[in-house]
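# just coords:
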C-alpha cells in the first residue's frame, strides 16, 4: 500500500483497514486485453468544488473519470501524484468526455480557494479537472466507504500533531458511478493501462 505520512496539527482521526481487499488487488495485474471488472457502485456524496459550489457524484453522470487523493500542504507524494494527474490530462486532451477529480484528505485546511490556487499551480483545466473538499465526515465516508481507499490520521505521541496516511492510487470510475479499476501512480505501465481502460470505457459509451 502506498501511503503518505505528513505532520499537521491534530484535528481529527479516522482509519480504514487495508487499502484494497484481496479481490480488488487482482485488478492491478490485469492486462489491457482483459475485460474491465465492475467492483462496486460509488455511493452518493455531497462535497464542494474549487469554486465553492456543491458537487455530487451525479455531476459526473455519463462521464468516465479518474480520481486521486491529495492535500495542498503535502510536500512528499502529493506533488508527484498531481504532476502525474496533470500529465494524464494532457495525454488525454482529445477525450472530451474524460474527467479528472482530486479529493482533499485534509478538509480542515483545504478550502475551495486553496484547492483552486493549488490546481492553477499545476495548470489544471477546471472544466475537466475538478478539486473537491467538504466536511471531515463526508470526506471520510467518500474516500473510505465510497472509493475503498485506506485513510488515517494518527496522533504522534507526546505532540499535538498527527500523521496523515492516504493512498497514492488512481481510481477509474465509469459513467454510471461504478469503480472499474485501481492503478499504481508510480508505475508508467499502470498509468498507460489506466488511459487505455478509460478510452475503452468511453468507446463503449462510458459503461
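Nice, I can see it. As the structure is a prediction and not an experimental result, all values here were calculated from the model.

# report the secondary structure state of the residue located most distally from the centre of the chain.
When distances are taken from the C-alpha mean of the chain, residue 158 lies farthest, 31.9 Å away, according to Cα atoms, centre = their mean. Of the three states, residue 158 takes coil under DSSP: H, G, I helix; E, B strand; the rest coil.

# what strands flank the helix or strand hosting residue 67, and is each parallel or antiparallel?
If you go by DSSP states H and E, residue 67 is part of strand 64-70. Neighbouring strands of strand 64-70 in its sheet, by DSSP bridges, are strand 98-104 (parallel), strand 169-173 (antiparallel).

# look up phi and psi at the residue farthest from the centre of the chain.
Note on residue 158: its backbone torsions stand at phi 80, psi 10 [degrees, to the nearest 10].

# how close does it get to residue 62?
With distances taken as Cβ to Cβ, to the nearest Å, residue 158 is found 51 Å from residue 62. In short, each C-beta sits where N, CA and C put it, glycine included.

# and after the strand holding residue 67, which helix or strand comes next?
Taking DSSP H and E, what comes next after strand 64-70 is helix 77-91.

# and that next one, which residues are buried?
Within helix 77-91, the residues scored as buried using 16 or more other Cβ atoms under 10 Å are 77, 78, 81, 82, 84, 85, 86, 88, 89.

# could I get those residues as JSON lines with pLDDT?
Compiled in JSON lines, the buried residues of helix 77-91 are given as follows (pLDDT from 0 to 100):
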{"residue": "77", "pLDDT": "89"}
{"residue": "78", "pLDDT": "93"}
{"residue": "81", "pLDDT": "96"}
{"residue": "82", "pLDDT": "97"}
{"residue": "84", "pLDDT": "97"}
{"residue": "85", "pLDDT": "98"}
{"residue": "86", "pLDDT": "97"}
{"residue": "88", "pLDDT": "98"}
{"residue": "89", "pLDDT": "97"}
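
# hang on, the earlier thing: with distance to residue 184, mean neighbour count and mean pLDDT added, can I get the strands paired with strand 64-70 in JSON lines?
Formatted as JSON lines, those follow (distance: least, Cβ to Cβ, whole Å; neighbours: other Cβ atoms under 10 Å; pLDDT from 0 to 100):
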{"stretch": "strand 98-104", "distance to residue 184": "17", "mean neighbour count": "24", "mean pLDDT": "97"}
{"stretch": "strand 169-173", "distance to residue 184": "7", "mean neighbour count": "24", "mean pLDDT": "97"}
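
# can I get these in CSV including distance to residue 191?
Below are those laid out as CSV (distance: least, Cβ to Cβ, whole Å):
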stretch, distance to residue 191
strand 98-104, 13
strand 169-173, 7
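
# relative to residue 110, which of these is closest?
With respect to residue 110, and counting by Cβ to Cβ, the nearest of these is strand 98-104 at 3.8 Å.

# what about that closest one, distance to the chain center?
6 Å (Cα atoms, centre = their mean, to the nearest Å).

# need the residues that contact it.
Strand 98-104 is contacted from outside by 47, 60, 63-72, 82, 85, 88-89, 92, 110, 115, 119, 128-133, 139, 142-143, 198-199, 202, using Cβ atoms under 8 Å, 6 or more residues apart in numbering.

# cool, stretch 198-207 as well?
36, 62-64, 66, 92, 95, 97-98, 172, 174-176, 180.
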